[in-house]
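> sequence and predicted structure are below.
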Amino acid sequence: MRANLTSLKRLLLASIAFVLGAAGLTYVVDPLQLFRPSRSAFYSDDTRVQNAGLIRSQSFDTAFMGTSLAIHFRQSDIDRALGVRSLKLAMTGSNSRQQAFVLEQAIARGARRVIWEMDDFIFVDAADIEADPYLSVDLYRGTAKGIASYLFSAAMAKESLFALMRSVPPLQGPLTRAAPYLPVKFALADVDDIYALPRHFDVAREYNAKKTLAAFAYITSPVRSRFLGEGYGYQAMVRHFEQDAVGLVTRHSDVTFDIYFPPYSILQFVAMRDASPETLKIVTDLTAVIAQRLTQLPNVRLHDFRAIKAVTHDLGNYGDVIHHSPAVDAMVLQWLASGKYRVDPKQPTASLEELKAQVEAYRVPN
């Protein structure tokens, strides 16, 4: 009996030592750079986690936020086009609660300008940020709970061990090259590459009219068209817009917000017109409210790229009905720099009315 108790104590002590050792390794290596910047850091495409470290470790004056429509921009391109020092914080599939929370943290760390890709879907009803299962508010806030979850994470211990191995000179080159193909998240050597398309990416193969029309046929199929309106509820969306977007902007009157409606292909709106007209009405009514409210705020410049016919009607610019090619990314930055499509506060819905006319007149090519 005494031997069994002694063995149990040894096992318990060994387990505690192992856990503390793993936590110590994570603290020393610090793959997220929560405690200190690193010159030899690697980065992850898991943006909801990675952003917490970027906000603490990077030097920036501008925060760039959005969904998958803004995820492929490179910080270096943003900096060149707009003359800023940016930090890309876009998160695929993110909602307005998540975006506003992350932007709040970036502003607290020094962002004096926000560039915000704002589409209607981000305002769908979702969990309150404090109960969000996909984004750790404690990690961003640096609370004891958040730091503990980081230090005692088995996944972070694994990443730290791999980073430590990669720092050994003979292993550095082979492991760095192999990292994208291994089950590790922190594989990107350059912060500019976070969720950016590879430089050798075959744009023509992934963005073309054939794929765009196929996506249109898919989402308007009678067995799937009901999903076009999933999550859309006008009152809830207006409420989230007021709480998350207007609330953030008005709390930070010393920060300049460049907010833009992204250049969806015309087929996104035509799909709603043909298969879910009630959803199209919600979208147009909602964006009318957004335009009217935002243009009255002195620290907001609103840009609407949805009715630029030369781009949105050219289906070769898209990989589906909403996601545009890197060539359009570059155009977006040029439009933001020039202010060419900035919404006039005296006519806040003029571009929306133009879009509505285009949608009504458009005929889908065979």
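Structure's in. What do you need?
> residue 152 - how many residues pack around it?
14 (other CB atoms under 10 Å). Glycine gets a C-beta too; all of them are placed from N, C-alpha and C.
> residue 53 contacts residue 37, doesn't it?
No - with contact defined as CB atoms under 8 Å, residue 53 does not reach residue 37; the gap is 9.5 Å.
> of the two, who's got more company?
residue 53 (24 against 12).
> got the end-to-end distance for stretch 308-323?
Here the two ends of stretch 308-323 are set 15 Å apart, with distance taken as CA to CA, to the nearest Å.
> quick one: the strands in the stretch 51-200 of the chain?
Using DSSP state E, counting those that start in this stretch, the strands assigned to the stretch 51-200 of the chain run over residues 62-65, 86-88, 113-117.
> what strands flank the first one, and is each parallel or antiparallel?
Just to be clear, that refers to strand 62-65. strand 86-88 (parallel), strand 113-117 (parallel) (DSSP bridges).
> the longest helix in this structure is where?
Taking DSSP state H as the criterion, the chain has its longest helix at helix 2-29.
> packing partners for that one?
Helix 2-29 makes packing contacts with helix 144-151, helix 154-166 when contacts are defined by 3 or more CB pairs under 8 Å, 6 or more residues apart in numbering; DSSP states H and E.
> do a quick rundown of the helices in the stretch 51-200 of the chain.
With DSSP state H, counting those that start in this stretch as the criterion, the stretch 51-200 of the chain has helices at 75-82, 96-108, 137-141, 144-151, 154-166, 169-178.
> which of those helices sits closest to residue 340?
Among the helices of the stretch 51-200 of the chain, helix 75-82 comes nearest to residue 340, with 13.1 Å by CB to CB.
> and that closest one with strand 113-117, angle?
110 degrees (axes from the mean of the first three to the mean of the last three CA atoms, to 10 degrees).
> tell me the mean pLDDT for helix 75-82?
Summarised as a single mean, pLDDT over helix 75-82 is 98.
> let's number from 45 now, not from 1
New numbering, starting at 45: the last item is helix 119-126.
> helices or strands up against it?
Other elements packing on helix 119-126 under the criterion 3+ CB pairs under 8 Å, 6+ apart are strand 106-109, strand 130-132, helix 370-382.
> now do the shortest one: everything it contacts.
Strand 130-132 is contacted by residues 98-99, 102, 104-108, 114, 117-119, 122-123, 150, 155, 159, 238-239 when judged by CB atoms under 8 Å, 6 or more residues apart in numbering.
> again, only using 7 Å
The contact list for strand 130-132, computed with CB atoms under 7 Å, 6 or more residues apart in numbering, reads 98, 102, 104, 106-108, 117, 119, 122-123, 150, 238.
> now, which of the residues you listed sits nearest residue 175?
Among these, residue 150 lies closest to residue 175 (CB to CB), at 21.9 Å.
> tally of neighbours for the closest one?
As a burial measure, residue 150 scores 23 neighbours (other CB under 10 Å).
> was I right about it contacting residue 99?
Yes - contact criterion CB atoms under 7 Å: residue 150 and residue 99 qualify, at 5.3 Å.
> put together a markdown table for the strands paired with strand 106-109, with mean neighbour count on each row.
Converted to a markdown table, the strands paired with strand 106-109 look like this (neighbours: other CB atoms under 10 Å):
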| stretch | mean neighbour count |
| --- | --- |
| strand 130-132 | 25 |
| strand 157-161 | 24 |
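> compare these and report which one is nearest to residue 385.
Nearest to residue 385 among the strands paired with strand 106-109 is strand 157-161 (13.7 Å), distances taken as CB to CB.
> please report how far residue 305 lies from residue 160.
10 Å (CB to CB, to the nearest Å).
> hmm, I was thinking of residue 77
Residue 77 sits 24 Å away from residue 160, going by CB to CB.
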